[in-house]
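Engineer: Fold the following.
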Amino acid sequence: MEENMFPQASKDLAQKRRDLAPEIYGAFRSFGQRVFADGALPSKTKELIAVAVAHVTQCPYCIRGHTEEARKQGATEQEVMEAIWVAAEMRAGAAYAHASLAIDTMNRLGAKTGD
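Structural biologist: Reported below is the predicted structural model:
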């Protein structure tokens, strides 16, 4: 039998998280509210950024939550998907860019048998 890796979000789990560190929880909530408020960037743009970042960090709760918030802020389905494609390109680009570390390591090791 396969178990879900991530528990379903629930009021009980959220309450337990608040109860275990109420001051830190409150500060975190305040910080998040300020970060996502309109500023130099509108809330919609910030939520689209969050959708992209959530896909790079692969946080299922963040993907669901920020996708929902982006839509509430007026983001279209196409805008959400484009944000996801930006995340995919950045993730793939990072893998490509970091290949230089492997190449540098192989260069430092020199030619080995089997090459």
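Engineer: measure the spatially closest residue to Ser43 that is not a sequence neighbour to Ala54 for me?
Structural biologist: In this structure, Ser43 finds its nearest non-sequential neighbour in Gln73, 5.0 Å apart by C-beta to C-beta, 6 or more residues apart in numbering. Glycine gets a C-beta too; all of them are placed from N, C-alpha and C. The gap separating Gln73 from Ala54 is 15 Å, by C-beta to C-beta, to the nearest Å.
Engineer: The two: who's more crowded?
Structural biologist: Neighbours were counted for Gln73 and for Ala54 using other C-beta atoms under 10 Å; Ala54 has more, 21 against 17.
Engineer: What residues does that one make contact with?
Structural biologist: 62-63, 65-67 (C-beta atoms under 8 Å, 6 or more residues apart in numbering).
Engineer: Angles on the backbone of the residue nearest to Ser43, please.
Structural biologist: phi -80, psi 0 (degrees, to the nearest 10).
Engineer: Would you check that it makes contact with Leu41?
Structural biologist: No. Counting by C-beta atoms under 8 Å, Gln73 does not reach Leu41; the two are 11.4 Å apart.
Engineer: Which of the contacts of Ala54 sits closest to Ala87?
Structural biologist: The shortest gap between Ala87 and any of these belongs to Ile63, at 10.1 Å (C-beta to C-beta).
Engineer: need the contact list for that closest one.
Structural biologist: 51, 54-55.
Engineer: want to try JSON lines for these, with secondary structure, distance to Ala94 and pLDDT as columns?
Structural biologist: Supplementary listing: the contacts of Ile63 in JSON lines, determined by DSSP: H, G, I helix; E, B strand; the rest coil; distance: C-beta to C-beta, whole Å; pLDDT from 0 to 100:
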{"residue": "Val51", "secondary structure": "helix", "distance to Ala94": "18", "pLDDT": "98"}
{"residue": "Ala54", "secondary structure": "helix", "distance to Ala94": "16", "pLDDT": "97"}
{"residue": "His55", "secondary structure": "helix", "distance to Ala94": "13", "pLDDT": "97"}
